[in-house]
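Asks: sequence first, then the predicted structure, then my questions.
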Amino acid sequence: MFRPVLREARAWASYWRRKWTMYWRLRDKGDVAFVAMGALPVIVLGSLIYFAYSNRGAQVSTRLDAALQREFDLRCLAENIYFEGRGESLEGQFAIAEVTMNRLASPHFPKTICEVVHDTRWDRVRRRLVAHFSWTAFEVRTEPTGPAWKQAMDVAAAVYDGHYMPVVPGALFYHATYVNPYWASSKRIVAKIGNHIFYR
């Protein structure tokens, strides 16, 4: 049943292909330039529209990537503030955030906030890798919640966006007042805030 229809369709396709081939071979080729010139504005306009929208898409994608990166950075910075200084004063929390951002700006530390927060270095005294921020060494942590977490997020956003007065300018290190690390004697004290001493 379908074979005659298929044969007929092939015959018509062959007929029209031969007809257009013959027409193309016999006609004057001088009007090809005219047709090409007529098609040129359509091609140019189509290209402009395509590139305008593809560039717009790239800008939207870039803005989205920047927003996601900001959210990720703020989360890491706020976690560092929360776990390192949720019992500290507001000034102490700003100082912890500032040290994190100072490390980000330093060539001696990683180049993203999350990498700075989770950075580990070889400790020659203990002969093992040690986390710069002690809370990152613990596998199990409680999920940050409550007013302390909200405050940590607010402090992180203010420091990240530069909307604060520096508390410990140039400080790259700090430790709790109840410990005495070996490296402290080689650094210069910038400030003592709450339970932490900050060094340059």
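Replies: Sure thing, it's come through.
Asks: tell me, what's the model's pLDDT at the nearest residue to Cys114 once chain neighbours are set aside?
Replies: Excluding its sequence neighbours, the residue lying closest to Cys114 (Cβ to Cβ, 6 or more residues apart in numbering) is Cys76, at 4.0 Å. Bear in mind the C-beta positions are built from the backbone N, C-alpha and C, glycine included. Cys76 carries a pLDDT value of 95.
Asks: from what I see, Cys76 and Val117 are in contact.
Replies: Yes: with contacts defined as Cβ atoms under 8 Å, Cys76 counts as touching Val117 at a distance of 4.8 Å.
Asks: so for those two, which sits in the more crowded spot?
Replies: Counted by other Cβ atoms under 10 Å, Cys76 and Val117 do not tie: Val117 has more neighbours, with 25 against 19.
Asks: so how far is Val155 from the more buried one?
Replies: 14 Å (Cβ to Cβ, to the nearest Å).
Asks: and the residue nearest to the spatial centre of the chain, what element?
Replies: Closest residue to the average C-alpha location of the chain: Gln69 at 3.2 Å, with Cα atoms, centre = their mean. Assigned by DSSP states H and E, Gln69 falls within helix 31-85.
Asks: so Asn195 makes contact with His175?
Replies: No: counting by Cβ under 8 Å, Asn195 stays clear of His175, with 9.7 Å between them.
Asks: break the chain into its domains for me.
Replies: 2-59, 76-199 (automatic domain parsing).
Asks: any idea of the mean pLDDT for the first one?
Replies: Regarding domain 2-59, the rounded mean pLDDT is 63.
Asks: list the contacts of the helix or strand following the helix holding Gln69.
Replies: Toward the C-terminus, helix 31-85 is succeeded by helix 90-105 as the next helix or strand (DSSP H and E). Residues from elsewhere that reach helix 90-105, judged by Cβ atoms under 8 Å, 6 or more residues apart in numbering: 77, 80-81, 84-86, 88, 109-113, 116-117, 119, 151-152, 155-156, 158-160, 164, 166-174, 191, 193-196, 198.
Asks: next one: whichever helix or strand comes after helix 90-105 to chain centre, how far?
Replies: As assigned by DSSP H and E, the chain's next helix or strand after helix 90-105 is helix 113-117. Centre-to-centre, helix 113-117 and its host chain are 12 Å apart (Cα atoms, centre = their mean, to the nearest Å).
Asks: just checking, what packs against helix 113-117?
Replies: Helix 113-117 is packed against helix 31-85, helix 90-105, with contacts defined by 3 or more Cβ pairs under 8 Å, 6 or more residues apart in numbering; DSSP states H and E.
Asks: would you mark the buried spots in the last one?
Replies: I take that to be helix 90-105. Within helix 90-105, the residues scored as buried using 16 or more other Cβ atoms under 10 Å are 92-104.
Asks: cool, thanks, talk later.
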